[in-house]
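J.: with the input below, show me the fold.
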Amino acid sequence: MFYVTERLIVRNVLEKDVPFIYDYRNNEICARYQRGQVKNLKEINKLVKQHKNDVFTLNSDFMLAVALKDSDEIVGEIVVMPNDDCISLGYTFSYKHQRKGYAFESLSILIEKLHTTYPNCEFISFTESQNKASIALLEKLGYTHLCYSEKLYSEVYGKWVKEI
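T.: Numbers count the residues shown, from 1 in each chain. Coordinates of the predicted model:
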């Protein structure tokens, strides 16, 4: 699966991405707001093998790499988690490539494609209250703050949400 933007390719994760994923998942800047991500090399290898052939479907989660168009170096990852008529997105971008607009660029095209394919789905994302960069990104992407979930310890943002 490939989506191309001006600077990026949104594609399936590949085994060659493992060292990059390992690097940023184990960096304090990237890891501070991530919960539940595997961080050891063996588990990351397993994760990539599990997701390298993912396709769009509302039946299971899928993981995508965001890579530079000119070098194919991975700069981050996006996980799409469908649940009934709701699509939740999670993302991590390498500390080496933050503040360059890559998250906005890649998520914009992915959200557009997902919404075109599944126009009746609501889109939800969760972020910690202290993660100001993620909050700003979600707002720039057109998400609206819905509430704070004490159960998830997260701010909840939504797009195309019918009711709370």
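J.: only C-alpha atoms from now on, for both contacts and neighbour counts.
T.: OK.
J.: ok, residue 83 - contacts?
T.: 58-59 (C-alpha atoms under 8 Å, 6 or more residues apart in numbering).
J.: what bridges to it?
T.: Taking DSSP bridges, one obtains residue 86 as the residues bridged to residue 83.
J.: helices and strands of the protein: which one has the lowest mean pLDDT?
T.: Ranked by mean pLDDT, DSSP states H and E, the weakest helix or strand in the chain is helix 28-31, scoring a mean of 83.
J.: only C-alpha atoms, please: export the longest helix seen in the chain in PDB.
T.: Determined from DSSP state H, the single longest helix within the chain is helix 102-117. C-alpha atoms of helix 102-117 as PDB (Å, rounded to 0.1, in the frame of the first residue of the first chain):
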ATOM      1  CA  TYR A 102       5.800  15.100   8.300                       C
ATOM      2  CA  ALA A 103       3.100  14.000  10.700                       C
ATOM      3  CA  PHE A 104       0.600  16.500   9.300                       C
ATOM      4  CA  GLU A 105       1.500  15.700   5.700                       C
ATOM      5  CA  SER A 106       1.200  11.900   6.100                       C
ATOM      6  CA  LEU A 107      -1.800  11.900   8.400                       C
ATOM      7  CA  SER A 108      -3.600  14.400   6.100                       C
ATOM      8  CA  ILE A 109      -3.400  12.000   3.100                       C
ATOM      9  CA  LEU A 110      -4.200   8.900   5.100                       C
ATOM     10  CA  ILE A 111      -7.200  10.500   6.800                       C
ATOM     11  CA  GLU A 112      -8.500  11.700   3.500                       C
ATOM     12  CA  LYS A 113      -8.100   8.200   1.900                       C
ATOM     13  CA  LEU A 114      -9.700   6.500   5.000                       C
ATOM     14  CA  HIS A 115     -12.600   8.900   5.100                       C
ATOM     15  CA  THR A 116     -13.200   8.500   1.300                       C
ATOM     16  CA  THR A 117     -13.200   4.700   1.700                       C
END
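J.: what's the mean pLDDT across that helix?
T.: For helix 102-117, the mean pLDDT works out to 96.
J.: what residues of that helix count as buried?
T.: 102-103, 105-107, 110-111, 114-115 (16 or more other C-alpha atoms under 10 Å).
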